[in-house]
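A.B. asks: I'd like to go over a predicted model; first the sequence, then the structure.
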Amino acid sequence: MNIEISKIANLPTSYGDFKIQSFKQNDKEHLAIFTYTLPSIPTVRIHSECLTGDVFKSLKCDCGEQLDFALKQIQKDGGMVIYLRQEGRGIGLFNKVNAYSLQDLGHDTIKANELLGFKQDYRDYKIVDEILKHFNIKKIKLMTNNPLKLTSLKHTKIVKRVPIIINSCEYNYEYLETKKEKMGHLL
Ligand SMILES: Nc1nc2c(ncn2[C@@H]2O[C@H](COP(=O)(O)OP(=O)(O)OP(=O)(O)O)[C@@H](O)[C@H]2O)c(=O)[nH]1
Ligand SMILES: [Zn+2]
């Protein structure tokens, strides 16, 4: 895998002080955001980009609140957010907006993808192993509810799953139900 690795920079945030490093794979510029001190078994959040949720605080999904939860918890416990540029479960922002438009007509998140000719999920997590190897991290506590993520790492041992549960609201209720019933999320 051909990866370009940036220098490390300080990233002071409203959550506290982090460091940031970018890992460039083809045209994707992924990020590791990590605490100054990393425990021997750090808490890691693998977060897939969701511009609408992460930046604009959309209530259609739980991404923004999950990122908020992860940054708070990781600032406290020590660890890393690996921010993967796999917007819309890999279909990209433009297609996700088209999928949202179909969801406005009553289709769920999976059906909307299918109506556009896409599978439900295109993400892959190989780069995560490479990023963790770069930091010499061999064991992690993984913050997720997604069972696919728990089996996605080949070089890193997940010693514990840390649930990341966000309260549902009227706008994301169906999305969370679909994740639980059709995608097997541990909610
Ligand atoms: N195609 C599509 N992508 C979506 C939709 N809602 C959120 N996403 C994307 O889904 C990704 C987040 O996936 P989730 O299933 O919410 O969570 P996860 O990362 O699989 O699992 P957790 O680790 O438990 O959070 C991000 O890339 C979002 O942009 C949607 O309705 N359609
Ligand atoms: Zn989202």
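C.D. replies: Cool, the structure landed. Ligands and ions are numbered 1, 2, ... in the order given.
A.B. asks: which residues touch residue 108?
C.D. replies: Taking CB atoms under 8 Å, 6 or more residues apart in numbering, we find residue 108 in contact with 174-175, 178, 182. From N, CA and C alone the C-beta is placed, and that goes for glycine too.
A.B. asks: for the residue nearest the centre of the chain, phi and psi?
C.D. replies: Closest residue to the average C-alpha location of the chain: residue 47 at 1.4 Å, with CA atoms, centre = their mean. Reported as degrees, to the nearest 10, the phi and psi values for residue 47 are phi -110, psi 130.
A.B. asks: wait, it sits on residue 87?
C.D. replies: No. In this structure, residue 47 is not within contact of residue 87 by CB atoms under 8 Å, at 11.5 Å.
A.B. asks: for this protein, which helix or strand comes out least confident on mean pLDDT?
C.D. replies: helix 173-182 (a mean of 81; mean pLDDT, DSSP states H and E).
A.B. asks: which parts of that one are buried?
C.D. replies: Using 16 or more other CB atoms under 10 Å as the test for burial, helix 173-182 gives 175-176, 178-179.
A.B. asks: mean confidence score for the longest helix belonging to the chain?
C.D. replies: Secondary structure of the chain per DSSP state H: the longest helix is helix 63-77. For helix 63-77, mean pLDDT is 97.
A.B. asks: same check on stretch 118-138?
C.D. replies: On average, the pLDDT along stretch 118-138 is 96.
A.B. asks: send me that stretch as CSV with only the CA atoms.
C.D. replies: C-alpha atoms of stretch 118-138 as CSV (Å, rounded to 0.1, in the frame of the first residue of the first chain):
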residue,chain,number,x,y,z
PHE,A,118,-24.9,1.0,-4.9
LYS,A,119,-24.2,-1.7,-2.3
GLN,A,120,-25.0,-0.7,1.3
ASP,A,121,-21.3,-0.2,2.3
TYR,A,122,-18.0,0.2,0.3
ARG,A,123,-15.7,1.0,3.2
ASP,A,124,-12.5,-0.8,3.9
TYR,A,125,-10.2,-0.5,6.9
LYS,A,126,-6.8,-1.7,5.6
ILE,A,127,-5.3,1.7,6.1
VAL,A,128,-6.2,1.5,9.8
ASP,A,129,-3.8,-1.4,10.3
GLU,A,130,-1.1,0.6,8.5
ILE,A,131,-1.8,3.7,10.7
LEU,A,132,-1.7,1.8,13.9
LYS,A,133,1.5,-0.1,12.8
HIS,A,134,3.1,3.3,12.2
PHE,A,135,2.4,4.2,15.8
ASN,A,136,3.6,0.8,16.9
ILE,A,137,0.1,0.1,18.4
LYS,A,138,-0.6,-3.6,18.6
